[in-house]
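Peer 1: fold the following for me, if possible:
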Amino acid sequence: MRPSPHCLLQASRVLQHENPLGLPRTGSIPRMQRGLPQKRKIKNVAKVIAVSSAKGGVGKSTIAANLALAFTRLGYRAGILDTDVFGPSIPTLFNLSDAPLLSAANQLVPLTNYGVKTMSIGYLVDPASALVWRGPMLLKAVQQLLHEVEWAPGLDVLVLDLPPGTGDTQLSITQQVELDGAVIVTTPHTLAVRDAVKGVDMFAKVKVPILGLVQNMSVFRCPHCHGDTAVFGSSDGVQKACREHGMDFLGNVPLHPDIGEDGSRGKPTVVAEPESERTKIFLDIARKVGVKIGLEEP
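Peer 2: Take a look at the predicted model:
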């Protein structure tokens, strides 16, 4: 049955409508009119930094965990919030699995290990079950993790372990929380560096300062001949990206089997090997970040 001319005319009018939502044709749309949440500080937290990578598999969560532990080692009250709803890593890295309790104010009470307060969706769901949530449920979960956790009596610094990518979760966080800056993690591999640059661009668009770039898995040092091998390529691309985007280079974390093994058994390097060269690198990165965000001496 052919549609009537009247129906075709109506469809044509709908398709040709240039401004179906009635948005202003000039100027910007006010924040509340756009339906965006107001940015606010996380209660009882002095400084908040995001650890991000636009590409998965570069060791971002391991860097974030060791950075939080390094802040604690330096005398700060530190916490880490796992915002990767679909692939939470913090429960494994901190060897925690209990369900969090609720405070008298109906807030989630963080789980603590090695002196670091932690919160993750991984404490609330079956680790063997896949979450198949659509956008609204995902964003609601992120909102609750950001603003319904009891960090009292207070933190000097909270590390946000962001999921890879530059999508809904990352944008939701930057719209809801006053971030003091972002640390970008990459490997020397060309594809990882290119994606890291995308992450830099995302934070620039949402006006979050870039604190610097950490190069993970930079070189492998043979335990026998003690020679260095750049498994993922040279660091030329990383250094070039820093120069082109005006970023500081925060440090090189080597490709070392102990770093991965420490994390997999729930005792990250800063705790497992407190006197190692690798721990010194994490402490140095934490000091640099602390200066950049204005952390007061503990």
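Peer 1: got the buried residues for stretch 231-243?
Peer 2: By neighbour count on 16 or more other CB atoms under 10 Å, the buried set for stretch 231-243 is 232, 235, 237-238, 241-242. The way it works is simple: take the backbone N, C-alpha and C, and place the C-beta from them, glycine included.
Peer 1: same deal with stretch 291-298?
Peer 2: Buried residues in stretch 291-298, counted by 16+ other CB under 10 Å: 292-293, 295.
Peer 1: now swap in stretch 104-122 and tell me
Peer 2: Buried residues in stretch 104-122, counted by 16+ other CB under 10 Å: 107-108, 110-111, 113-114, 116-122.
Peer 1: got a list of contacts for it?
Peer 2: Stretch 104-122 is contacted by residues 68-69, 72, 78-82, 84-85, 88-92, 94-96, 98, 100-103, 123, 131, 141, 144-145, 148-151, 155, 267-268, 271 when judged by CB atoms under 8 Å, 6 or more residues apart in numbering.
Peer 1: same thing but 6 Å
Peer 2: 68-69, 72, 78-82, 85, 88, 90-91, 94, 96, 100-101, 103, 148-150, 271 (CB atoms under 6 Å, 6 or more residues apart in numbering).
Peer 1: find the residue at the geometric middle of this protein.
Peer 2: L162 (2.3 Å; CA atoms, centre = their mean).
Peer 1: would you confirm that that residue contacts A50?
Peer 2: Yes. The pair formed by L162 and A50 meets the contact definition of CB atoms under 6 Å, at 5.3 Å.
Peer 1: common neighbours of these two, please.
Peer 2: By CB under 6 Å, 6+ apart, no residue touches both L162 and A50.
Peer 1: all strands for the chain, in order.
Peer 2: With DSSP state E as the criterion, the chain has strands at 45-52, 78-82, 111-113, 116-120, 155-161, 181-186, 210-216, 220-221, 228-229, 249-253.
Peer 1: please save the CA atoms from the last one in PDB.
Peer 2: Put plainly, it is strand 249-253. Only the C-alpha atoms of strand 249-253 are listed here, as PDB (Å, rounded to 0.1, in the frame of the first residue of the first chain):
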ATOM      1  CA  PHE A 249      57.300  13.800  31.200                       C
ATOM      2  CA  LEU A 250      56.700  12.300  34.700                       C
ATOM      3  CA  GLY A 251      58.800   9.200  34.500                       C
ATOM      4  CA  ASN A 252      59.700   5.900  32.900                       C
ATOM      5  CA  VAL A 253      58.300   2.700  34.500                       C
END
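Peer 1: helices or strands up against it?
Peer 2: Packing contacts for strand 249-253, counted by 3 or more CB pairs under 6 Å, 6 or more residues apart in numbering; DSSP states H and E, involve strand 210-216, helix 277-293.
Peer 1: just say which of these is most tucked in.
Peer 2: Mean neighbour count (mean count of other CB atoms under 10 Å) peaks for strand 210-216 among these, with a mean of 24.
Peer 1: is it true that P298 touches G75?
Peer 2: Yes. Between P298 and G75 there is a contact at 3.3 Å, judged by CB under 6 Å.
Peer 1: quick check: beta-bridge partners of the residue nearest to the residue nearest to the centre of the chain when sequence neighbours are not counted?
Peer 2: Excluding its sequence neighbours, the residue lying closest to L162 (CB to CB, 6 or more residues apart in numbering) is S52, at 4.5 Å. Legend: beta-bridge partners of S52 under DSSP bridges are I184.
Peer 1: how about S52, what does it touch?
Peer 2: 162, 182, 184, 199.
Peer 1: pLDDT value on the third one, please?
Peer 2: In this prediction, I184 carries a pLDDT score of 94.
Peer 1: and it, how many neighbours?
Peer 2: Look at I184: counted by other CB atoms under 10 Å, it has 28 neighbours.
Peer 1: thinking it is in contact with A196, fair?
Peer 2: Yes. Between I184 and A196 there is a contact under CB under 6 Å: 5.3 Å.
Peer 1: stretch 120-138: which residues count as buried?
Peer 2: 120-123, 138.
Peer 1: off-centre distance for that stretch?
Peer 2: Distance, stretch centre to chain centre, for stretch 120-138: 17 Å (CA atoms, centre = their mean, to the nearest Å).
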